[in-house]
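> pasting the structure only:
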């Protein structure tokens, strides 16, 4: 009985030390592989390399098409982004104009408020001087009232009737 060889031994030793049997087995495997490839090529009519080349070219074409679509979408997004930037710039300019106008209006309002305050002080000063002028004048008898033109005419008519 043949004892199994240790795992560290060469493949020839593991197979019972018969190098011819190992070589024959390897040759059978190679022949079967080549013949199966030959059968497959004759059955399909194509070599596997041609199929791989066709498949890789199709993948390249799809990748190129996807890349072109991405480039077009990117260009569209860039155009949209530029339009948005331009619109934002216009809005920002309008906002700056409104800020300037608001600042000018606030300045005008402040000036008008100061002018109203000055006029109010002047009017108050006039009232006080008028009040002090009236207080310093002696109390004179009230001046006789002047009659209105209608009252004078009606009084003249009454006298004329009385004489007649």
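The structure has been received and is ready for your questions. All of these numbers come straight from a predicted model, not from anything done at the bench. Numbering: from 1, shown residues only.
> For the chain, which segments count as strands?
Assigned by DSSP state E, the chain shows no strands.
> Next one: residue 109 relative to residue 115, how far apart?
Residue 109 sits 11 Å away from residue 115, going by C-beta to C-beta, to the nearest Å. Heads up, the C-betas are built off the backbone N, CA and C, glycines and all.
> for residue 66, same thing?
72 Å.
> Residue 95 now?
Residue 95 sits at a distance of 30 Å from residue 115 (criterion: C-beta to C-beta).
> Please apply the same query to residue 73.
Residue 73 is 62 Å from residue 115, by C-beta to C-beta.
> what do you get for residue 57?
From residue 57 to residue 115 the distance is 86 Å (C-beta to C-beta).
> By residue count, tell me the biggest helix in the chain.
helix 48-136 (DSSP state H).
> helices or strands next to it in the packing?
If contacts are counted by 3 or more C-beta pairs under 8 Å, 6 or more residues apart in numbering; DSSP states H and E, helix 48-136 sits against helix 19-44.
> repeat that with 7 Å
Counting contacts by 3 or more C-beta pairs under 7 Å, 6 or more residues apart in numbering; DSSP states H and E, helix 48-136 packs against no other helix or strand.
> ok, now which ones touch residue 134?
Residues near residue 134 by C-beta atoms under 7 Å, 6 or more residues apart in numbering: none.
> what pLDDT does it get?
For residue 134, the pLDDT comes out at 87.
> Over to the one 3 residues further on?
Among the per-residue scores, residue 137 shows a pLDDT of 76.
> And for the one 4 residues further on?
The predicted local confidence for residue 141 comes out at a pLDDT of 48.
> ok, now residue 50?
Residue 50 is given a pLDDT of 72.
> Low-confidence ranges, this protein, go.
Counting by pLDDT under 70, the chain has low-confidence residues at 1-48, 138-152, 162-164.
> can you do 50?
For the chain, applying pLDDT under 50 flags the ranges 1, 12, 141.
> Around residue 157, count how many other residues there are.
When neighbours are defined as other C-beta atoms under 10 Å, residue 157 has 10 of them.
> same check, this time on residue 156
10.
> Kindly report the same for residue 63.
With other C-beta under 10 Å as criterion, residue 63 counts 10.
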